[in-house]
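Asks: Sequence and computational prediction follow.
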Amino acid sequence: MQKPLYIKGTKDCPQVTLDCENQIFEISGRSLPEDSAQFYAPVEAWLESYVKSPNSITEFNFRLDYFNSSSSRKIMSILFELEKIAKTKNAVKINWYYEESDEMIKESGEEIRSIVKIPFELKSYKAPVVVKPKK
Amino acid sequence: MEELLREKTEDTPYVELLPSGKITFKERSLPEDSNSFFAPIFDWVSEYVKNPQEKTEIIFQLEYFNSASARKFVKILIEFEPLFDNGKNVKVIWLYKQGDIVIRDRGIEISKVISLPFEVKEI
Amino acid sequence: MSPEFIFETFLDLKKDYLSFSYLGNIHDEITDMLIQLSESNIDHVAELSKMRNKVSFLMVESFQNIVRHSGNIPVEGNLPKPSLFQIRNIGATYYIASANVIPNVKTEMLKNRIGRLNTLTQEELKSLYMEVLSQEQDGIQRGAGLGLIEMARKSGHKLECFFEPINDEYTYFYLQIKMSGKKNPSEDEINLTIESTQQLHSKLSGENILLLLKGNFSQELILPVLKMVEENMSSFVNVHDKNTFFVLGEILQNIPKHSFVNEEGVKEGIFFMEKFGEYFAITSGNYVENHYVVDFEEKLNAFSKLSVSELNSLYRKYLREGNETEHGGAGLGLIDIIRLSNCNFQYHFQKINEAISFFTMRAVV
């Protein structure tokens, strides 16, 4: 089985977990690297090999707060890679999470959904309430 | 007596006040309102000095602090002077990062206004 | 930099709730601080807080657009002006502007591309975006124009551009994005032209300014600026850098401590960091109430007559004994600023009316 890929998130790069054994496929946080090609290269390489012998079910989660336009290209390339699974007898599904008041992430999800040819679900969640100390 | 712990934030230091006599301030101290940030620390210290341990160690390992915080640190150290005068073992350890002579010199400056054993050490 | 220049610039930016200009080497490390900076100030207008994410998005796109294009350009030293990144918030409108050097050969292409985007409706921009996004492979150029399309789309206004030739090879490319929280643009308080942005850029560059910040001075505004400066430092243990940081911290925190609070509850102030030979000059300007100008001026006057060693003794004295006034603060901050500047320190009070004066101070470190 393919070794898992973990990338710890930073202030401008997302957290990535690609783990076949535990069936976790997720990209979360902010994706704002200026050079997104560099950041996403290991992710793309991992997926390229994964789609050759995928799990029978792959649920891929996007939980992004922000992403820049150069990341949106990379998100597309991940999705195009995942489309290859859909052409086999294996199942693939995308969950696109957005904070319920975040119109921008929701809208991006809708747009991307209309481009890719895989089951794609938009899921809203409530942000945990952060109490900011006010003086 | 209970311990007092504060996680560091962007503008307040990591604080660890242990009843065992180990007191630590780390990272950065530039709170917007230094009075309200340090108030619980002073309360704790004045409680501690009433019934202190034989040995007290006060450790500073700071990266940056503003002048208002410098004044607060000195005020805290002043609280410990009577303990030392009464024969208790009290020691200040001022740690600075390798090469950070600005922080080193700020420590030396504080040591000059405090009557406590004061060690300035590179880490 | 004269007190007149400081006050004049402050008045030029009178309507700005937040005004931030960064001149210099634009790199990706400060993206996160820029988001923090704009978010710290966005909640004061309801219409704006709704578009918080869009503003942050546009800021990042605009900023990275500069980073992306500043590859093959001459070193900063040979340029008449350094690159610019600017955010201004006036009323419910946000302006994000950038200026960077491009080779002349790119001028026509950019002009045409922006011109064409400006003729498209929202619907057309959306289809263009979708079309580019659905192309499987990356274009030859990174981003393949997706950034500009997104800027035009998310801003909801025409992109403004301006080209200022430098020489036979290079040109300054100015790009300004407007975002309005108001449905009807005619409700906007002011319309900032890109020409005025270009003029401000020249004016700031003429004074060697690296950083200009005007706004409501609070801790939320100060912290991202401190972080930004820190990110630009070679190391956080370098003596000169660190002393600069100490002066910077004291001057920035001094503004909200003494500032007059206006009827909107705002502590309005201005702050500059400028390159001064091998040194930095750090300048602040803010209103103070007249009734405590006398005290304040007396204190500053006394401090600035002292030598560094006298200031050191006084600092130690106050450190030990305190000298807290009703406004809090023992004057330690001011002593620290003056001694670190090696007494290269100036201050000035200008009476505005019966209630307030404009106070400026400047330290070279």
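Replies: Structure received.

Asks: Buried residues in stretch A:116-133, which are they?
Replies: A:116, A:118, A:120, A:122 (16 or more other CB atoms under 10 Å in any protein chain shown). C-betas here are computed from N, CA, C, even on glycine.

Asks: Specify which member of these is nearest to chain C.
Replies: Lowest distance from chain C to the buried residues of stretch A:116-133 (CB to the nearest CB) belongs to residue A:116, with 8.6 Å.

Asks: Return the subset of the buried residues of stretch A:116-133 lying in helices.
Replies: Assignment to helices by DSSP state H places none of the buried residues of stretch A:116-133 there.

Asks: of those residues, closest to residue A:97?
Replies: Checking the buried residues of stretch A:116-133 against residue A:97 with CB to CB, the nearest one is residue A:122 at 8.1 Å.

Asks: Give me the spatial nearest neighbour of the residue nearest to the spatial centre of chain A, chain neighbours excluded.
Replies: Residue closest to the average C-alpha location in chain A (CA atoms, centre = their mean): residue A:62, at 3.4 Å. Closest residue to residue A:62 in three dimensions, ignoring its sequence neighbours and counting by CB to CB, 6 or more residues apart in numbering or on different chains: residue A:96, at 5.1 Å.

Asks: neighbouring strands for the host helix or strand of that neighbour, and are they parallel or not?
Replies: For residue A:96, the host element (DSSP states H and E) is strand A:91-99. Looking at strand A:91-99 with DSSP bridges, its partner strands are strand A:57-67 (parallel), strand A:120-125 (parallel).

Asks: what comes up buried for the first one?
Replies: Under the neighbour-count criterion of 16+ other CB under 10 Å, strand A:57-67 has A:58, A:59, A:60, A:61, A:62, A:63, A:64, A:65, A:66, A:67 buried.

Asks: and the last one, what is it in contact with?
Replies: By that I understand residue A:67. Contacts for residue A:67 (CB atoms under 8 Å, 6 or more residues apart in numbering or on different chains) come out as A:14, A:30, A:31, A:32, A:75, A:108.

Asks: From chain B, how far out is it?
Replies: Per CB to the nearest CB, to the nearest Å, residue A:67 is found 25 Å from chain B.

Asks: ok, back up a step: next, the residues that contact the strand holding residue A:96 from outside, please.
Replies: A:54, A:56-65, A:79, A:82-83, A:85-86, A:105-106, A:109, A:112-113, A:116, A:118-127.

Asks: May I ask which two of the buried residues of strand A:57-67 are separated the most?
Replies: A:58 and A:66 (25.0 Å).

Asks: Could you pick out the longest helix of the chain?
Replies: Since you didn't name a chain, this refers to chain A. helix A:69-86.

Asks: please go with chain C instead
Replies: Chain C, longest helix under DSSP H: helix C:239-258.

Asks: just checking, what packs against that helix?
Replies: strand B:55-65, helix B:101-112, helix C:219-231, strand C:268-276, strand C:279-289, helix C:332-340, strand C:356-364 (3 or more CB pairs under 8 Å, 6 or more residues apart in numbering or on different chains; DSSP states H and E).

Asks: pLDDT weak spots in chain A?
Replies: A:129-135 (pLDDT under 70).

Asks: Contacts only, for the residue located most distally from the centre of chain B.
Replies: No residue in chain B sits farther from the centre than residue B:99, which is 21.4 Å out by CA atoms, centre = their mean. Residue B:99 sits next to C:235, C:237 when contact means CB under 8 Å, 6+ apart.
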